[in-house]
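In: let's see this in three dimensions:
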Amino acid sequence: MLICSAWVALILWLNPAPQSEQAMQSSLDQYRTRMAANKVQDGGTDHQDDRGGAAAGRPVAQPATSQPEFGPRESLMTQPAMPTSQPTPDEILDEIPDPRDTSRVYRERLERLERTSRERHQVESYRRVVTRAAELCGMVDREQKVELTLLECIRRALEHSFTIQVESYNPAISQTQIVQAEAAFDAVFFLDATAAQDDNPTGVKRVDSKSETRAISGGIRKLLPTGMTTSVSLRQNFLRGEPRVEPFNPLYNNAFTVEFRQPLLRGFGLDYNRRAIVLANIGRDIAREQFAQRVQDVLLNVERAYWQLARLRRDVAVLAESVAQNQITYLGIFDRQRYDATPVQLNNSLSQYQSRYVQFLEAVKSVFDAEDALKNLLNDPDLLLSRNIELIPTDSFFMTRFEVDLFAEVRRAIDSRNEIKQAKLGIERSRVETAAAKNETLPQLDLLFTYEVRGIGKSADNSFDNLTTNRYISYSVGAQFLYPIGNRAAHAALRRSRLQESQAVVTLNQITDSVVQEVNNAVRTLGVRWEQVPPQLLAVQAAERNLRALQARTERIDPSYLQTELSGVEQLASTRRVLLQVLTDYTITIVELERAKGTLLDYNQVVIDDDRHTR
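Out: Next comes the predicted model:
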């Protein structure tokens, strides 16, 4: 089995039927619906002021007695009425359309202006604006397009992300370390062989002492979990010498030996001798938590990149209309140079137009950068960075209120965050190392036992037969004591282990506080962004009405009027961009809250399966 698939595999929790994409989207929508508010207020209110007459209950301004020609009219309200419910998604998105929807949105805006405006020149001017804005939006349009849902981006990232692939090796590597630690208790077969020939002077004339020896031994050695070392071996020695003074020349000597060495203090016990296995298992668990954490980070980055791309594309559409408005204003003043437009006004409008065009070009570049960022996260071979492909996010911003219980969210985060689990495993690892360091401060006291059976003969067979008679049996029992004077190294190691254990506890507390802070910030941001949507939409609508009212004036263009109109164009674009940013932040904060809780995999219904089986 491949290393990547030995321990980690990512699957989406869905039924692999032919219509898997629809089933997955339905399942994901159901999950997110359960996360959303159980009850959302229905209905809506018209955010436009009713100008058809004084409504019942509304204040009415009466004309002064010196001005009988003016009839009663509806009074101006110092504080406009706030909406009693959230605006509809279509109402919001039509203010910040995607470039692919600008033709429809611009057409609807033009039709609405034709119905409400009595100034023909204003309608024609806005017709030129939408035409120019549509041309500008075409700068992000390319021949090769790929429409992507968020779910599809998650699929591609889980399947192709290099970051996930690199991290997936670590659990498999950790598993090999467990096997390596367990192998310390495997039996070891050994075989030794030596041969020697000696020629020594004896001091006697013409008499030399020569000898030839050969030895071979083999056996099995094994370490037991208690720390005991056992060995069983069989040894055969061959000796032949000159002059021949031995009873047997050559002489064969066989020996069967059993040895035991059991530590009684340092190195004794299952906990000490199995600590490498325990530490390897902890390392594997940490690697798994790190892998799950990295997968969540990848998913968070993918969702952030997806929604940022959606925001930047809509930002291009907003700025395109702003640039077109400034350009048409400039061209209108240019045409009126011979009447009432001055060079100051002309240059002022030209400066505003060119400045906004520079800003628009930067926004177009940001779209291309965002597409590359998303491609780099997906690492999909069908979406290579070298190919000029237009990525079109098809999902809309999330516009449903989330009911959040702060205490429950914090508790879930403490139970689920991978960083907290890793910190707890780190404490456990430090405690194992501290216990081992404490054992190593003890004196070394080992009990030794040796049992040996011997046999000799003129040949190897004869020697072995003599061995099997068990006539020559020897045994020994002993003890070995060792203690370094001062024992400073062991005590320093124990002190270091205890400090590292205390450090691990403090690290857990630090990570826990950081997690709680992340959850608090996400919950707070979620609530604020949701409450910002209605008033920001009102600000957009008010800015648009203000601009249309200014553009309806045709009597005379003076510097103050020109500056007011240019400010109105800028105000409309600014309010729309703020609305777009609020919606983007709200949608991303939902994902960040799930990441802060450590439940982003559940939120996207992604399962990490070590056995690589599909459910």
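In: quick one: mean pLDDT over the helix or strand containing L279.
Out: Taking DSSP states H and E as the definition, L279 sits inside helix 275-335. What helix 275-335 shows for mean pLDDT is 93.
In: any idea which helix or strand comes after that helix?
Out: In N-to-C order, the element after helix 275-335 by DSSP H and E is helix 343-378.
In: list the buried residues in the helix or strand just after that next one.
Out: Counting by DSSP H and E, the next helix or strand C-terminal to helix 343-378 is strand 390-393. Residues 390-393 are the ones in strand 390-393 that count as buried (16 or more other Cβ atoms under 10 Å). In short, each C-beta sits where N, CA and C put it, glycine included.
In: can you list the residues you listed in CSV and add distance to G457 and pLDDT?
Out: As requested, these are exported to CSV (distance: Cβ to Cβ, whole Å; pLDDT from 0 to 100):
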residue, distance to G457, pLDDT
E390, 92, 93
L391, 88, 95
I392, 92, 95
P393, 90, 95
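In: going by distance to S476, which of those residues wins?
Out: Set against S476, the nearest of those by Cβ to Cβ is L391 (80.2 Å).
In: which intervals of the protein have sub-threshold pLDDT?
Out: 1-86, 200-209, 242-248, 553-561, 610-615 (pLDDT under 70).
In: just the strands in it please.
Out: Here the chain has its strands, by DSSP state E, at 10-12, 60-61, 73-74, 145-148, 188-201, 208-223, 229-242, 251-263, 390-393, 444-457, 472-482, 606-608.
In: okay, these, which one's buried deepest?
Out: strand 390-393 (a mean of 21; mean count of other Cβ atoms under 10 Å).
In: just checking: what are the partner strands of it?
Out: Strand pairing for strand 390-393, determined by DSSP bridges: strand 145-148 (parallel).
In: still on that earlier bit, looking at the strands of the chain, which is closest to I286?
Out: strand 606-608 (14.6 Å).
In: burial measure for D585, as a count.
Out: 19 (other Cβ atoms under 10 Å).
In: once you drop chain neighbours, what's closest to it?
Out: R529 (5.1 Å; Cβ to Cβ, 6 or more residues apart in numbering).
In: that neighbour reaches Y586, doesn't it?
Out: Yes. At 3.9 Å, R529 and Y586 qualify as touching, with contact defined as Cβ atoms under 8 Å.
In: with neighbour numbers in mind, choose between these two.
Out: Y586 (25 against 20).
In: surely that one meets V528?
Out: No. In this structure, Y586 is not within contact of V528 by Cβ under 8 Å, at 9.1 Å.
In: about what we covered before: now the strands of the chain in a markdown table, with distance to R127?
Out: Listed next are these as a markdown table, based on distance: least, Cβ to Cβ, whole Å:
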| stretch | distance to R127 |
| --- | --- |
| strand 10-12 | 48 |
| strand 60-61 | 36 |
| strand 73-74 | 31 |
| strand 145-148 | 28 |
| strand 188-201 | 90 |
| strand 208-223 | 89 |
| strand 229-242 | 94 |
| strand 251-263 | 94 |
| strand 390-393 | 27 |
| strand 444-457 | 96 |
| strand 472-482 | 98 |
| strand 606-608 | 49 |
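In: between the ones you listed, which gets nearest to Y306?
Out: strand 390-393 (5.7 Å).
In: how close does L580 sit to L361?
Out: Noted for L580: a distance of 18 Å to L361, by Cβ to Cβ, to the nearest Å.
In: more neighbours: which of those two?
Out: L580 (24 against 14).
In: look up phi and psi at T226.
Out: Torsion angles at T226 (phi, psi; degrees, to the nearest 10) stand at phi -80, psi -10.
In: ok, it - contacts?
Out: 262, 268-270, 273 (Cβ atoms under 8 Å, 6 or more residues apart in numbering).
In: the helix ranked longest in the chain - contacts with which helices or strands?
Out: Assignment by DSSP state H gives helix 488-551 as the longest helix of the chain. Applying 3 or more Cβ pairs under 8 Å, 6 or more residues apart in numbering; DSSP states H and E, we find helix 488-551 packed against helix 89-93, helix 120-137, helix 406-416, helix 418-439, helix 559-597.
In: can you give me how far the first one is from the chain middle?
Out: What it means is helix 89-93. 31 Å (Cα atoms, centre = their mean, to the nearest Å).
In: that one packs against which elements?
Out: With contacts defined as 3+ Cβ pairs under 8 Å, 6+ apart, the packing partners of helix 89-93 are helix 488-551.
In: and the helix it packs on with helix 120-137, angle?
Out: 150 degrees (axes from the mean of the first three to the mean of the last three Cα atoms, to 10 degrees).
In: quick one: helix 488-551 to helix 559-597, angle?
Out: 150 degrees.
In: returning to what we had before: which of the buried residues of strand 390-393 sits closest to N254?
Out: Nearest to N254 among the buried residues of strand 390-393, with distances taken as Cβ to Cβ, is L391, at 80.6 Å.
In: tell me the contacts of the closest one?
Out: Applying Cβ under 8 Å, 6+ apart, the residues near L391 are 146, 148, 309, 371, 374-375, 383.
In: which of the residues you listed are buried?
Out: 148, 309, 371, 374-375, 383.
In: now the two most distant members of those residues.
Out: L309 and L383 (12.4 Å).
In: on that earlier part again, of the helices and strands packed on helix 488-551, which is nearest L113?
Out: Using Cβ to Cβ, these put helix 120-137 closest to L113, at 5.5 Å.
In: which other helices and strands contact the closest one?
Out: Using 3+ Cβ pairs under 8 Å, 6+ apart, helix 120-137 sits against helix 102-116, helix 275-335, helix 488-551.
In: of all the strands of the chain, which one is nearest N418?
Out: Going by Cβ to Cβ, the one of the strands of the chain nearest N418 is strand 606-608, 10.8 Å.
In: surely E409 and L593 touch.
Out: Yes. Using Cβ under 8 Å, E409 is in contact with L593, at 7.1 Å.
In: for the two, indicate the residue with more neighbours.
Out: L593 (24 against 20).
In: what's the nearest residue to the more buried one if we skip its chain neighbours?
Out: A522 (3.9 Å).
In: got a list of what that neighbour touches?
Out: Counting by Cβ under 8 Å, 6+ apart, A522 has contacts 589, 592-593, 596.
In: try it again at 10 Å.
Out: The contact partners of A522, by Cβ atoms under 10 Å, 6 or more residues apart in numbering, come to 404, 409, 413, 588-597.
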